[in-house]
Structure formats: structure tokens, C-alpha cells
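1. Structure for this input, please:
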Amino acid sequence: MTEATYPQCRIVPARFLNPETVERLLNRILEVGGIRRLVLNGPRLPTTVPYGPARGTPNPHPMRKVIRVGDQDMELQVHVGTILLELEDRSYIDPIRQACDEVFVKFPYGFTEGKFIKTQATVSDYAKYGPDADTFILGMTDPKSRGGPLIIQGLK
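-> Numbers count the residues shown, from 1 in each chain. Modelled structure (predicted):
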């Protein structure tokens, strides 16, 4: 049995993104469609200060906001610096690149194709989800996160 490989893309803006820009980009990408999996990477925005003299106090970071993607609200837990996409086929690459061109008008970004999301279970996947993990969440595990991945339904 042959294993299907899906095209993957990485979008790397020249700077960290504000929640409003992330919301606009994700909604635009969602309109294009063809997204199998999507990962937002960046430094974590903890809700409380994790160490130091202020340990345990609330961390009022302005970049941790609730954004609306499609018809679903999601809280940003990272300051988005990189967006990884796995697509259904290569025909969606150019429309997604055009969506990025529309959103990133004030600063440049990089758009590369390659393999960026793991397709086989990692040790973190096994530890968090067990041997019968769903193939859609493989390689997307944050070992420090207590929550699971957020699933956003498309517009189909």
C-alpha cells in the first residue's frame, strides 16, 4: 500500500504577527480551502508568569487574544511567527500565495514548499495520545500543552 504525500507549505512573515493580521490571514486561507492541517508556530504566551518573582501572577500580554476564524472563536496561545500548512493537492498553492500577497502588504514574507509537518507519530504523540492516535494530529503535539489541538471546520 502506498502512502499518500500531501504538499506542505511554510509561511514566514518578516515579523511576528498581530492577532488581527493572523485572523485576517487565516480567514483568507480558509476561503481558499484545501487545507488538511495547519500549525501556528511562535513563542508561547502563558496566561500566568511561569518563573521569577512574579511567578503565578496573571500575564496580561496584548498578543493573547481571542480571534474568530471561520465561524469559530479561538484563543491565540502563541505569538505567531510561522504558519505551516498541509494541503489536499498542489492546485491550492498559488491561491494561498495570492492570499498572503493580499494580507502581507506592509512587510515581506517567505513562502516555501517542502516537508514541515511530521507525518509519523513522534514520542510526544505517543506519550500524549497513545498508540491509536488520529493521523491528522500526528506531529502537531505540543508536549507542554495541556489542551488538545483546535479543529476548525472549513467552509465546504
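
2. As CSV, could you dump the C-alpha coordinates of stretch 110-121?
-> The C-alpha coordinates for stretch 110-121 follow below in CSV (Å, rounded to 0.1, in the frame of the first residue of the first chain):
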residue,chain,number,x,y,z
GLY,A,110,8.7,34.0,2.8
PHE,A,111,6.7,31.2,1.2
THR,A,112,8.4,27.8,0.8
GLU,A,113,7.2,24.4,-0.2
GLY,A,114,8.7,21.3,1.4
LYS,A,115,8.0,18.9,4.3
PHE,A,116,7.5,20.7,7.6
ILE,A,117,4.8,18.8,9.5
LYS,A,118,5.6,15.3,10.7
THR,A,119,3.5,12.5,9.1
GLN,A,120,4.5,9.7,11.5
ALA,A,121,3.9,9.5,15.3
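
3. Can you list the neighbours in contact with it?
-> 3, 5, 7-13, 37, 39, 84, 86, 93, 97, 100, 133, 138-140 (Cβ atoms under 8 Å, 6 or more residues apart in numbering). Where C-beta positions appear, they are placed from N, C-alpha and C, glycine not excepted.

4. hmm, which of those are the buried ones?
-> 7-11, 13, 37, 39, 84, 86, 93, 100, 138-140 (16 or more other Cβ atoms under 10 Å).

5. This structure: helices as residue ranges?
-> 19-32, 93-103, 123-129 (DSSP state H).

6. Tell me the gap between the shortest one and the middle of its chain.
-> Here the centre of mass of C-alpha atoms in helix 123-129, compared against the chain's by Cα atoms, centre = their mean, to the nearest Å, lies 19 Å away.

7. Return the residue of this protein that is most distant from the centre.
-> In the chain, counting by Cα atoms, centre = their mean, Pro53 sits farthest out from the average C-alpha position, at 31.9 Å.
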